[in-house]
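Enquirer: Mind folding the following:
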Amino acid sequence: MGADHTRPAPSAPPGVRRILVAVVVPLFVVTVIAALVLWPGDSGQTDGGTEPPRHHGTVTRVVTEPCPSTPEAPGGAAEGPCGTVTVRVEQGPDSGSQVETPVPAGPGAPSVAVGDEVVLVQLSDPAAPTASSYQIAEHQRGKPLLLVVALFAAAIVAFGRLRGLAALAGLGASFAILLAFVVPGIAAGGSPLLIAITGSALIMFVVLYLTHGITAQTSVAVLGTLGSLVLTGLLGTLAIAATHLTGYGSEEATTLSMYQRDVDLHGLLLAGIIIGSLGVLDDVTVTQAATVTELAHANPGLSRTQLYRAATRVGRAHIASTVNTIVLAYAGASLPLLLLLTADSRPVGQILTSEFLAQEIVRSAVATLGLVAAVPLTTGLAALVATAGRGPAADPARGAGPAPTPRPSADRDAALEALSAPRHGGPSTPAPARWPEAERSTDTVW
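Expert: Numbering: from 1, shown residues only. Predicted coordinates:
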């Protein structure tokens with residue numbers, strides 16, 4: 001595997017690094033303490049009944065036959081398919097034996113063929129406890145899923161190299177936090193809002209620093225992400241209260257309320273909005289912080305205001321595409337709900353304001369508002385950090401004195417000039433005299 005030739009981010013002045021450490025470290029400590037306080041103990045008891053045992057098997061024979069006529073069925077014929085499936089049991093007390101099961105039928109029933117690996121449900125007869133029968137529940141998906149995940153990981157590492165490995169490690173850390181802290185904490189009856197914010201902040205710290213390194217640029221992205229997450233939580237709380245959403249807008253939520261009576265579905269809805277926003281938020285904040293850093297070091301003559309305005313234009317383009325991404329992601333996940341629009345006989349206004357669809361509208365709107373707020377917040381912080389070490393004369397926007405290389409032009413021209421300026425280590429064409437190239441550091445640590 002080749003080396004990662006990504007250019008290291010220039011280091012911030014020592015004073016700026018000390019300020020960032022003084023802000024970020026206490027926030028990280030508070031997040032860890034909150035996670036320890038909210039860490040779930042014993043999970044709440046579920047009322048799921050006794051689940052029948054499940055075993056793996058392989059289909060060896062399939063026999064289909066006409067379904068018998070019944071008076072209740074339309075046209076006198078029962079719903080198919082009908083017949084028997086012979087399966088070789090690979091686990092459990094009947095391992096190695098051949099058993100016959102009915103051909104799976106009904107909505108969502110798997111379609112089986114010879115050689116398919118399936119999951120069998122062992123059913124016992126209360127009148128004869130020693131006898132048991134089997135039914136096919138679903139296909140085994142372990143091997144195909146493993147292949148898909150391996151292909152995904154190989155593509156990430158092949159393209160991203162060391163950065164790709166770090167991204168995979170961050171992804172693993174995200175799932176670990178979700179499965180070890182967020183999900184058990186909510187299942188145990190904890191506050192979904194507090195657990196979601198704490199878990200999201202913990203994921204953010206681990207993933208951003210692990211993937212992008214411990215730099216001032218990453219710290220700016222962390223602060224921008226954390227501020228936007230808090231704002232998203234507040235906006236979500238207000239939106240859910242204003243629209244009187246209960247959290248029972250999906251069949252999964254209703255089913256969950258039957259098994260986990262202590263779960264706050266109202267708070268669970270808000271927690272889902274916060275966690276769902278995190279993945280897109282860190283993309284926006286990292287991009288904005290990197291954009292400001294690159295503009296500042298490509299052309300040190302840009303003032304703080306010019307940096308902010310130029311990077312904000314990049315952020316507007318990013319947000320314009322990201323908003324569409326969010327809406328389409330929610331629409332794809334809720335496609336069965338959207339299809340109900342064509343089958344529901346109610347007026348469109350009533351459908352749009354119903355619980356299940358209003359919930360998706362609130363999700364998309366709140367997540368988008370959090371993203372929009374992330375751009376100016378992160379860009380402003382990054383511009384402060386990028387220009388902090390220049391001194392009063394280096395920033396004409398502050399009026400502290402004339403800049404050594406003034407250029408009375410529009411911000412758009414300044415941004416274009418910055419992006420076209422020569423890079424350190426690139427071609428030997430000298431920079432214009434009015435835009436001196438600053439010496440760069442390749443130190444990646446605070």
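
Enquirer: From residue 345, how far off is the residue nearest to residue 344 when sequence neighbours are not counted?
Expert: Closest residue in space to residue 344, ignoring its immediate chain neighbours: residue 351 at 5.5 Å, by C-beta to C-beta, 6 or more residues apart in numbering. The way it works is simple: take the backbone N, C-alpha and C, and place the C-beta from them, glycine included. With distances taken as C-beta to C-beta, to the nearest Å, residue 351 is found 10 Å from residue 345.

Enquirer: other SSEs contacting the helix or strand where residue 208 lies?
Expert: Taking DSSP states H and E as the criterion, residue 208 maps to helix 192-212. If you count contacts as 3 or more C-beta pairs under 8 Å, 6 or more residues apart in numbering; DSSP states H and E, helix 192-212 packs onto helix 14-38, helix 142-177, helix 183-187, helix 216-243, helix 265-298.

Enquirer: and the next helix or strand after the fourth one with helix 265-298, angle?
Expert: Elements were assigned by DSSP H and E; along the chain past helix 216-243, the next helix or strand is helix 251-259. Taking axes from the mean of the first three to the mean of the last three C-alpha atoms, to 10 degrees, helix 251-259 and helix 265-298 form an angle of 130 degrees between their directions.

Enquirer: what mean pLDDT does helix 251-259 have?
Expert: Helix 251-259 comes out with an average pLDDT of 77.

Enquirer: Name the residues of that helix that are buried.
Expert: Buried positions in helix 251-259, judged by neighbour count with 16 or more other C-beta atoms under 10 Å: 253, 256.

Enquirer: and that helix, what does it pack onto?
Expert: Contacts defined by 3+ C-beta pairs under 8 Å, 6+ apart place helix 251-259 against helix 265-298.

Enquirer: now whichever helix or strand comes after the helix it packs on, how far from the centre of its chain.
Expert: Following helix 265-298 in sequence order, the next helix or strand is helix 304-333 (DSSP H and E). Relative to its chain's centre, helix 304-333 lies at 16 Å (C-alpha atoms, centre = their mean, to the nearest Å).

Enquirer: again, but for stretch 266-286
Expert: Distance, stretch centre to chain centre, for stretch 266-286: 7 Å (C-alpha atoms, centre = their mean).

Enquirer: Give the rounded mean pLDDT of it.
Expert: 87.

Enquirer: Spatially nearest residue to residue 253 (excluding sequence neighbours)?
Expert: In this structure, residue 253 finds its nearest non-sequential neighbour in residue 265, 5.3 Å apart by C-beta to C-beta, 6+ apart.

Enquirer: And for that neighbour, the neighbour number?
Expert: For residue 265, the neighbour count with other C-beta atoms under 10 Å is 18.

Enquirer: The nearest residue to residue 195 once chain neighbours are set aside: neighbouring residues, count only.
Expert: In space, and not counting its chain neighbours, residue 195 is closest to residue 185: 4.3 Å by C-beta to C-beta, 6+ apart. Residue 185 has 24 neighbours, counted by other C-beta under 10 Å.

Enquirer: was I right about residue 133 contacting residue 120?
Expert: No. Taking contacts as C-beta atoms under 8 Å, residue 133 lies outside contact range of residue 120: 9.9 Å.

Enquirer: Kindly point out which residues are neighbours of both of these two.
Expert: Counting by C-beta atoms under 8 Å, 6 or more residues apart in numbering, the contacts common to residue 133 and residue 120 are 99, 101.

Enquirer: Neighbour count: these two, which is higher?
Expert: residue 120 (25 against 14).

Enquirer: does that one have beta-bridge partners, and which?
Expert: As for beta bridges, residue 120 partners with residue 55, residue 136 under DSSP bridges.

Enquirer: can I assume it is in contact with residue 87?
Expert: Yes. If you go by C-beta under 8 Å, residue 120 and residue 87 touch, sitting 6.3 Å apart.

Enquirer: Show me the common contact partners of the two, please.
Expert: In contact with both residue 120 and residue 87: 57, 99, 101, 134, 136, using C-beta under 8 Å, 6+ apart.

Enquirer: which pair in the residues you listed spans the largest distance?
Expert: With C-beta to C-beta as the measure, no two of the shared contacts of residue 120 and residue 87 lie farther apart than 99 and 136, at 10.3 Å.

Enquirer: hmm, back to that, residue 351 and residue 345: which has the busier surroundings?
Expert: Between residue 351 and residue 345, counting by other C-beta under 10 Å, residue 351 is the more crowded of the two (16 against 5).

Enquirer: The more buried one looks like it's in a strand, true?
Expert: No. Using DSSP: H, G, I helix; E, B strand; the rest coil, the assignment for residue 351 is helix, not a strand.

Enquirer: Check it and give its pLDDT.
Expert: The per-residue pLDDT reported for residue 351 equals 76.

Enquirer: ok, it to residue 59 distance?
Expert: Residue 351 sits at a distance of 42 Å from residue 59 (criterion: C-beta to C-beta).

Enquirer: Report the mean per-residue pLDDT for the particular helix or strand that has residue 122 in it.
Expert: In the assignment (DSSP H and E), residue 122 maps to strand 117-125. Averaging pLDDT along strand 117-125 yields 85.
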